[in-house]
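Colleague: Any chance you can model this:
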Amino acid sequence: MDKSNNSVLIDTAKRFLAEQAKKKGQLKLVAKGAKLTQAWVYKFHEGVIQNPSCKNVEQLLRYAGYDVKVMKRENNNRDDN
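Modeller: Numbers count the residues shown, from 1 in each chain. Okay, here's the model as predicted:
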């Protein structure tokens with residue numbers, strides 16, 4: 001995923017994981033609910049993964065209740081300005 005083109009999505013996903021990490025065992029539940037591996041969720045949360053796959057970030061955001069299409073549109077509008 002190109003960070004410059006999808007920074008809103010990546011930043012939102014990181015904020016979501018940071019909030020979830022405050023609760024014991026929650027990242028494991030997020031991984032299961034979003035149908036992602038625990039390893040990927042933990043590595044992304046810890047910043048090990050610098051260029052996450054678009055698919056994984058979108059899965060995570062959908063699990064968190066975000067409308068990915070709206071976020072992409074907002075991100076594109078922000079990049080156009």
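Colleague: Might you calculate how far the lengthiest helix in the chain sits from the centre of the chain?
Modeller: Using DSSP state H to define each element, the chain has its longest helix at helix 7-21. Taking CA atoms, centre = their mean, to the nearest Å, the mean C-alpha location of helix 7-21 is offset from the chain mean by 5 Å.
Colleague: helices and strands around it, which ones?
Modeller: Here helix 7-21 touches helix 26-33, helix 38-46, helix 54-64, helix 68-80, going by 3 or more CB pairs under 8 Å, 6 or more residues apart in numbering; DSSP states H and E. Heads up, the C-betas are built off the backbone N, CA and C, glycines and all.
Colleague: Figure out which of these is closest to I10.
Modeller: helix 54-64 (6.1 Å; CB to CB).
Colleague: Which strands or helices does that closest one pack on?
Modeller: helix 7-21, helix 26-33, helix 38-46, helix 68-80.
Colleague: Now tabulate those helices in a markdown table and tack on mean neighbour count and mean pLDDT.
Modeller: Output for these, formatted as a markdown table (neighbours: other CB atoms under 10 Å; pLDDT from 0 to 100):
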| stretch | mean neighbour count | mean pLDDT |
| --- | --- | --- |
| helix 7-21 | 17 | 94 |
| helix 26-33 | 16 | 97 |
| helix 38-46 | 16 | 97 |
| helix 68-80 | 12 | 79 |
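Colleague: and V57, which of those is closest to it?
Modeller: Ranking the helices and strands packed on helix 54-64 by their distance to V57 (criterion: CB to CB) puts helix 7-21 first, at 5.1 Å.
Colleague: Run the angle between the closest one and helix 68-80 for me.
Modeller: Taking axes from the mean of the first three to the mean of the last three CA atoms, to 10 degrees, one finds that helix 7-21 is oriented at 130 degrees with respect to helix 68-80.
Colleague: got a list of contacts for the longest helix of the chain?
Modeller: For helix 7-21, contacts defined as CB atoms under 8 Å, 6 or more residues apart in numbering pick out 1, 3, 26-27, 30, 41, 44-45, 52, 54, 57-58, 60-61, 64, 66, 68, 71-72, 74-75, 78.
Colleague: what angle do that helix and helix 54-64 make?
Modeller: Orientation of helix 7-21 against helix 54-64 (the same axes, to 10 degrees) gives an angle of 50 degrees.
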